[in-house]
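Undergrad: Sharing a model prediction with you, sequence too.
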Amino acid sequence: MHLEAENYLVIAMFLTFIGLLFTGFPVAWVLAGVGIAFTGIAYWTDSLDLTVTGLDYNTLGLVVGRIFSIMDNWVLVALPMFIFMGLMLDKSGVAERMMHSMQKLFGNVKGGLAITVTLIGIILAASTGIIGASVVLLGVMSLPIMLKQQYHKPLALGTVAASGCLGILIPPSIMLVIMGDQLGVSVGDLFMGAVFPGIILGVLYISYILIYGLLKPDNTPLAIGQETIRLKDVLRVMLDILPPALLILAVLGSIFAGVATVTEASGIGALGATLLSAAYRRLDWPVLKQVVINTMNTSAYIFAIFVGATVFALVLRECGGDELIESALTGLGLDATGLILVILLVVFLLGFFLDWIEISLIILPLLGPVIAGLDLAVDGHGVVDNPNLVWFALLVAVTLQTSFLTPPVGFALFYLKGVCPDGVKLTEIYRGVLPFIVLQLIGLAMVFLFPSLVTWLPAVAYGNQ
């Protein structure tokens, strides 16, 4: 493929961005700074007749209009509301209650404690979606117990890290909200499409733990003095699961039934989480203040990256980044299936160095037009709009699950290391998450081979309305 002079600017922008990530500067400033710097470089090379980008600092004025259109998007109001919901539930004590009751229920099963952690991770994923909070909460609650029970360290660490990451995929997911905005597809479609992939990952995790417990029973010992399960233990589990289950039903059910938009449902979730904390007598002024401040910080972090990514993407496109990526993909001579596989491989590799937010905000808008033009023939059952993009978005979402577990930028690894008991090494965490990364790739393969896992539920939901 012949490269124009402008193409070298695009490549240099990407390499500069990745290189500056390792300096420790905030990602938002790196994105914006690289965009502004390369505007100057492009203007200079234009003046020397080396390039013909037409870029100057007046062009950056377009960023204002683009940022306004982003902030004018009501769907993005759901982001701080879902963040508030997750953080408030973290303070409510729901997870601790489920941990104590479910531990008794699965206490007589090899690997039962790890299964308990996975199930709580799934429930937290469907009610919080905040990866840092989930990993830290599961780590603080379960790791000391698992290690005291003499669980194999890598298994215990891998279970906590992987289970805590499910919230980025299982709805309501802030990642899917951003993906819907960037690709121009319905967030409701993405939420419904993510249900089965999320369940599949949870089932794969539990199956692996059960098989591991059968093959290596010494690594998953039962608790000493475990009692026989009684009816009241089962009832206790049901009572502890019921409040978050009702909250999940209120949020997702209102979206799936068409009663509320994603934005409205996020408000229901925030209010429900607050009422739940109050019902458990965990709500007071210091808790509310801390949750609000943390919500503001997390939201500001995400929206700052929005601004930086807008500057970066504008300059990248003016330098011909869209055309370069499209020509690079089409120049491979692959069919639609082959191109999707190449894109997923690139996203997987980028996940070693970039956070899911950067990948979603930079890569997806560039790839969206390419995917929309492919003849993928994904069955939308005559109901789902843009089934190709919905399926592609979920493929990328499952792939990005791995970015939380893959070094050197796997955030779940560092969240977990921060709450680990003394004596736990980072290498043991790496060993522990490796099987779960493989399980995530198996889940990705299933979604790739069977697109109806994504499109069937939204088609049925909309078809009945």
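TA: Received it, and whenever you're ready, just let me know what you need.
Undergrad: CA atoms for contacts and neighbours, from now on please.
TA: Will do.
Undergrad: any idea which helix is longest in the protein?
TA: In the chain, with assignment by DSSP state H, the single longest helix is helix 285-318.
Undergrad: Mind giving me the packing neighbours of the very next helix or strand once past that helix?
TA: Next along the chain after helix 285-318, taking DSSP states H and E as the criterion, comes helix 321-330. Under the contact criterion of 3 or more CA pairs under 8 Å, 6 or more residues apart in numbering; DSSP states H and E, helix 321-330 touches helix 5-21, helix 364-372.
Undergrad: Which stretch among the ones you listed approaches Leu350 most closely?
TA: In terms of CA to CA, the element of the helices and strands packed on helix 321-330 nearest to Leu350 is helix 5-21, at 9.7 Å.
Undergrad: isn't Val384 right up against Pro458?
TA: Yes. Judged on CA atoms under 8 Å, Val384 makes contact with Pro458 at a distance of 6.7 Å.
Undergrad: Which secondary structure elements does the longest helix of the chain sit against?
TA: Here helix 285-318 touches helix 27-47, helix 62-71, helix 78-92, helix 356-358, going by 3+ CA pairs under 8 Å, 6+ apart.
Undergrad: ok so, going back, what's the overlap in contacts for Val384 and Pro458?
TA: Common neighbours of Val384 and Pro458, using CA atoms under 8 Å, 6 or more residues apart in numbering, are Asp189.
Undergrad: What separation is there between the spatially most central residue of the chain and Ala125?
TA: For the chain, the residue sitting closest to the mean C-alpha position, by CA atoms, centre = their mean, is Ile168 at 2.8 Å. With the distance defined as CA to CA, to the nearest Å, Ile168 ends up 7 Å from Ala125.
Undergrad: Can you give the contact residues for the helix or strand bottoming out on mean pLDDT in the chain?
TA: Lowest by mean pLDDT, DSSP states H and E among the helices and strands of the chain is helix 62-71, with a mean of 73. Contact partners of helix 62-71, identified using CA under 8 Å, 6+ apart, comprise 307, 310-311, 314.
Undergrad: Columns pLDDT on top of the residues you listed, output as a markdown table?
TA: Below are those laid out as a markdown table (pLDDT from 0 to 100):
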| residue | pLDDT |
| --- | --- |
| Val307 | 86 |
| Thr310 | 85 |
| Val311 | 87 |
| Leu314 | 85 |
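Undergrad: Kindly indicate which of those residues lies nearest Val287.
TA: So of the contacts of helix 62-71, ranked by how close each gets to Val287 (CA to CA), first place is Val307, at 30.1 Å.
Undergrad: and that closest one, what is it in contact with?
TA: So Val307 contacts 28, 32, 67 (CA under 8 Å, 6+ apart).
Undergrad: Counting neighbours, what do you get for the first one?
TA: Counted with other CA atoms under 10 Å, the burial measure for Ala28 works out to 21 neighbours.
Undergrad: ok, it to Val237 distance?
TA: Noted for Ala28: a distance of 43 Å to Val237, by CA to CA.
Undergrad: How about the last one?
TA: Taking CA to CA as the criterion, Ile67 is separated from Val237 by 47 Å.
Undergrad: Between the two, tell me which one has more neighbours.
TA: Val237 (19 against 16).
Undergrad: Would you confirm that that one contacts Met98?
TA: Yes. Using CA under 8 Å, Val237 is in contact with Met98, at 6.6 Å.
Undergrad: Identify the contacts common to the two.
TA: With contacts defined as CA under 8 Å, 6+ apart, no residue is shared by Val237 and Met98.
Undergrad: So, low pLDDT: which residues of the stretch 301-450 of the chain?
TA: Scanning the stretch 301-450 of the chain for pLDDT under 70 picks out the ranges 377, 380-383, 409.
Undergrad: With the stretch 1-150 of the chain instead?
TA: Across the stretch 1-150 of the chain, the ranges flagged by pLDDT under 70 are 1-3, 70, 107-108, 128-130, 132.
Undergrad: again, 80 this time
TA: The stretch 1-150 of the chain contains residues with pLDDT under 80 at 1-7, 21-22, 24, 48, 50-76, 95-96, 99-109, 126-134, 136-137.
Undergrad: what does the stretch 151-300 of the chain give?
TA: In the stretch 151-300 of the chain, residues with pLDDT under 80: 222-234.
Undergrad: the strands in it, which residues?
TA: Listed in chain order, the stretch 151-300 of the chain contains no strands at all (DSSP state E, counting those that start in this stretch).
Undergrad: Can you check the distance spanned by stretch 100-118, start to finish?
TA: Using CA to CA, one end of stretch 100-118 lies 14 Å from the other.
Undergrad: Quick check: nearest residue in space to Ser360, chain neighbours excluded?
TA: Leaving aside its chain neighbours, Ser360 sits nearest to Met179 (6.3 Å; criterion: CA to CA, 6 or more residues apart in numbering).
Undergrad: Provide a list of residues in contact with that neighbour.
TA: Listed by CA under 8 Å, 6+ apart, the contact set of Met179 reads 187, 360-361, 364, 393.
Undergrad: same question, Asn7
TA: Counted by CA under 8 Å, 6+ apart, Asn7 has contacts 319-321, 324.
Undergrad: Neighbour-wise, give me the winner out of those.
TA: Scoring the contacts of Asn7 on neighbours with other CA under 10 Å, the highest-scoring entry is Cys319 at 26 neighbours.
Undergrad: So it is in contact with Val10, correct?
TA: Yes. Here Cys319 reaches Val10: they are 6.4 Å apart, a contact under CA under 8 Å.
Undergrad: returning to that earlier point: list the buried residues of the longest helix of the chain.
TA: Going by neighbour count (16 or more other CA atoms under 10 Å), the buried part of helix 285-318 is 287-288, 291-292, 295, 298-299, 302-316, 318.
Undergrad: got the angle for that helix vs helix 62-71?
TA: Taking axes from the mean of the first three to the mean of the last three CA atoms, to 10 degrees, one finds helix 285-318 and helix 62-71 inclined to each other by 130 degrees.
Undergrad: Also compute the angle for helix 285-318 relative to helix 364-372, please.
TA: On the basis of the same axes, to 10 degrees, helix 285-318 is oriented at 60 degrees to helix 364-372.
Undergrad: Could you single out the nearest of the contacts of Met179 to Pro154?
TA: Ser360 (30.4 Å).
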